[in-house]
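**Q** I'd like to go over a predicted model; first the sequence, then the structure.
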Amino acid sequence: MYGRKGYQLLKDFASGEKGQLKPFNSKLFDETIEECDQNHHLLQSLIRKMQQEDLDVPNNRNADHYGALIHHLSLMRNKRCLMAYVYNRAEIVRDLAWRVGLELLDLPSEIQEKLTSLEKEYFKNHSVALKSYMGKVGIELNVDMVPPKDPYIKVRILDDIDEGIVLSDKTTNFARHSMHFLKRTDAEPYIARGQMEELTD
Amino acid sequence: MTNYYDIDDILVEEEYVPVLFHKTANGVTIDPSAETNCAEQGSKVEVPFWLAHELQLRQAVSINLPACFDQKTRLEVQADAAYVDLRSRCPYFYEFGCKLEPLVTDRTLGILLSTAFKIRYKEALTKVYTAAHITASKYLSFLTKEETNLYEAAHLSSTAFKKWKTGGRRLERASILGRKRKDSN
C-alpha cells in the first residue's frame, strides 16, 4: 500500500549492475498496477461519501478529503515508479543499439532473453531510424572515434563464429582460439560483442 | 522536471520521516498504531518523504527530523567524520538531508552535511590512490550512495590513466554487456 510496490519495482531495477538489464519483472509490474487500482477505488469511494454528505467537494477540507488526497498521491507515486522503470530500461536498450550492434540477432542471447517483445520492437525501430540517418549523412557514426595508428590489427577469436564471414578483403572461417590479422573496421563490431579480442603485442 | 525519471531521486524520496498530523485523514491505513481506519489529528506517524512533503505543502502535517540526523550521528561526525558508518544510518544521507533542509526548523542540518562531506570526500579520494581495492572494501561499506559514485569515478579515471600510460587495448568488449562468464566447455 502507499507506493510500496512501485518502490520494490525500482529497487529490483537498481539492484542489477549499473547499466545492465535484468529480466523484465512483469510480476511486480502487474502488482504495482493492481495497487494503483486499489488506491483509485478507495479514492472514488471517499469522494462519493463526501458527495453524499452534500459537501462542496473541491473546497471542503474534512477528514475524507485528506484521506482521498493520500490515495491520490500514492497513485501518482506508483505511476512515477512505473514510468521511470520503463524509461530507464528504454535508455539501456538505446545504448545497446549504439554500442553493440544495430541488428537484434547480433545481441548475445542472454541479453535478448531479458527484453520483452515491446522492447525488441523499440530496439528494431531505433536501429532503423539510426541506419536511415547514417545512410543520409553518409558516415558510420557508431565506430571508434579515435583515428587508428594502423589500419590492421591482430585479433584472437573467442567464440565460435562458424559461418564464413565476408570481410572487405577476404572470406575466412574463424575457428576458436585462432589468431588473425584483420582490418580494424571489420573486426570492430565483433570485438564490441565480445566474440574477438584485440592483441596488443 | 529533470528528476522525474531519475531512479536515485525516487529512491531518496522513499526514506521515512516522522510527521505530526495536524488534520485527520479518513480511510487510510498509514498509522499502524491506530485502531480505526484513519490517522488522527495529533498522532505521530512515520511516512515516506514524498508523502510528507506533499502533505506539508497543504499544511496537513509538520515534519520532524528523522533518526539518522540525531545527536548521536552529530557527535560521531564531530569526533571522526571519515569513518562514521553513514550507509547504515541512511544510504542517501546527503541527498535526503538536502531535501529536508528547507522543510524542518533545524538550522544546523546544512552545516552538519557540509562538514561531514568535506572531510569524507578528501578521505575517499586519498583511499583511491593509496589503498588497493581489496583492502578498501571495509571502508567502502561505510560510504553513502553519492560517495560510492564519487569513489568509483575516481577509481575509473585512475585506471584509465594507468592504461593510457602503459599502452593498452584500444577496442574493448562493450561494457554494457556485463562481465564475461567463464568458458564452461
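**A** Done, it's in.
**Q** next one, pLDDT for the closest residue to residue B:151 other than its chain neighbours please.
**A** Leaving out its chain neighbours, the residue that sits closest to residue B:151 by C-beta to C-beta, 6 or more residues apart in numbering or on different chains is residue B:124, at 5.0 Å. (Each C-beta comes from the backbone N, C-alpha and C, glycine too.) Looking at residue B:124, its pLDDT is 86.
**Q** name the next helix or strand downstream of the strand or helix carrying residue B:124, please.
**A** Assigned by DSSP states H and E, residue B:124 falls within helix B:109-130. Later in the chain than helix B:109-130, the nearest helix or strand by DSSP H and E is helix B:137-140.
**Q** any buried residues in the next helix or strand after that next one, and which?
**A** Using DSSP H and E, the helix or strand that follows helix B:137-140 in sequence is helix B:145-166. Buried residues in helix B:145-166, defined by neighbour count with 16 or more other C-beta atoms under 10 Å in any protein chain shown: B:145-148, B:150-151, B:154.
**Q** which helices and strands sit right next to helix B:145-166?
**A** Packing partners of helix B:145-166 (3 or more C-beta pairs under 8 Å, 6 or more residues apart in numbering or on different chains; DSSP states H and E): helix B:93-100, helix B:109-130.
**Q** can you redo the ones you listed as a markdown table with mean neighbour count?
**A** Output for the helices and strands packed on helix B:145-166, formatted as a markdown table (neighbours: other C-beta atoms under 10 Å in any protein chain shown):
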| stretch | mean neighbour count |
| --- | --- |
| helix B:93-100 | 21 |
| helix B:109-130 | 16 |
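**Q** may I see these arranged in JSON lines, with distance to residue A:27 as well?
**A** Shown next, in JSON lines, are these (distance: least, C-beta to C-beta, whole Å):
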{"stretch": "helix B:93-100", "distance to residue A:27": "29"}
{"stretch": "helix B:109-130", "distance to residue A:27": "38"}
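**Q** mean confidence score for the helix or strand where residue A:126 lies?
**A** Using DSSP H and E, residue A:126 sits in helix A:117-137. The pLDDT scores in helix A:117-137 average 91.
**Q** for that helix, buried residues please.
**A** The neighbour-count check on helix A:117-137 (16+ other C-beta under 10 Å) flags A:119, A:122-123, A:126-127, A:130 as buried.
**Q** and the least confident helix or strand in chain B by mean pLDDT, what does it pack against?
**A** Ranked by mean pLDDT, DSSP states H and E, the helix or strand of chain B with the weakest confidence is strand B:38-39, at a mean of 76. If you count contacts as 3+ C-beta pairs under 8 Å, 6+ apart, strand B:38-39 packs onto strand B:25-26.
**Q** who does the strand it packs on pair up with?
**A** strand B:38-39 (antiparallel) (DSSP bridges).
**Q** after the partner strand, next one along is what?
**A** For strand B:38-39, the following helix or strand on the C-terminal side (DSSP H and E) is strand B:44-48.
**Q** hmm, the helix or strand just after that following strand in reach of chain A?
**A** Using DSSP H and E, the helix or strand that follows strand B:44-48 in sequence is helix B:49-57. Yes - contact of helix B:49-57 with chain A (C-beta under 8 Å from any C-beta of the partner chain) involves B:50-51, B:54-55.
**Q** and which of the residues you listed is nearest to residue A:55?
**A** Checking those against residue A:55 by C-beta to C-beta gives residue B:55 as the nearest, at 20.6 Å.
**Q** leaving out chain neighbours, which residue sits closest to the closest one?
**A** In space, and not counting its chain neighbours, residue B:55 is closest to residue B:61: 4.5 Å by C-beta to C-beta, 6+ apart.
**Q** contact partners for the one you found?
**A** If you count contacts by C-beta atoms under 8 Å, 6 or more residues apart in numbering or on different chains, residue B:61 has them with B:19-22, B:47, B:52, B:55.
**Q** give me that answer again for 6 Å
**A** Contact analysis of residue B:61 by C-beta atoms under 6 Å, 6 or more residues apart in numbering or on different chains lists B:19, B:21, B:55.
**Q** the second one reaches residue B:46, doesn't it?
**A** Which is residue B:21. No - the criterion here is C-beta atoms under 6 Å, and residue B:21 misses it with residue B:46 at 11.8 Å.
**Q** of these two, who's got more company?
**A** Using other C-beta atoms under 10 Å in any protein chain shown, the more surrounded residue of residue B:21 and residue B:46 is residue B:21, with 22 against 14.
**Q** C-alpha coordinates for stretch B:123-136, PDB please?
**A** The C-alpha coordinates for stretch B:123-136 follow below in PDB (Å, rounded to 0.1, in the frame of the first residue of the first chain):
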ATOM      1  CA  GLU B 123      39.500  10.700   2.700                       C
ATOM      2  CA  ALA B 124      37.700   8.800  -0.100                       C
ATOM      3  CA  LEU B 125      40.000  10.300  -2.800                       C
ATOM      4  CA  THR B 126      43.100   9.500  -0.800                       C
ATOM      5  CA  LYS B 127      41.900   6.000  -0.400                       C
ATOM      6  CA  VAL B 128      41.500   5.600  -4.200                       C
ATOM      7  CA  TYR B 129      45.200   6.300  -4.800                       C
ATOM      8  CA  THR B 130      46.800   4.700  -1.800                       C
ATOM      9  CA  ALA B 131      44.800   1.600  -0.900                       C
ATOM     10  CA  ALA B 132      44.300  -1.500  -3.100                       C
ATOM     11  CA  HIS B 133      40.800  -2.200  -4.000                       C
ATOM     12  CA  ILE B 134      40.500  -5.300  -1.700                       C
ATOM     13  CA  THR B 135      41.700  -3.700   1.500                       C
ATOM     14  CA  ALA B 136      39.500  -0.700   1.000                       C
END
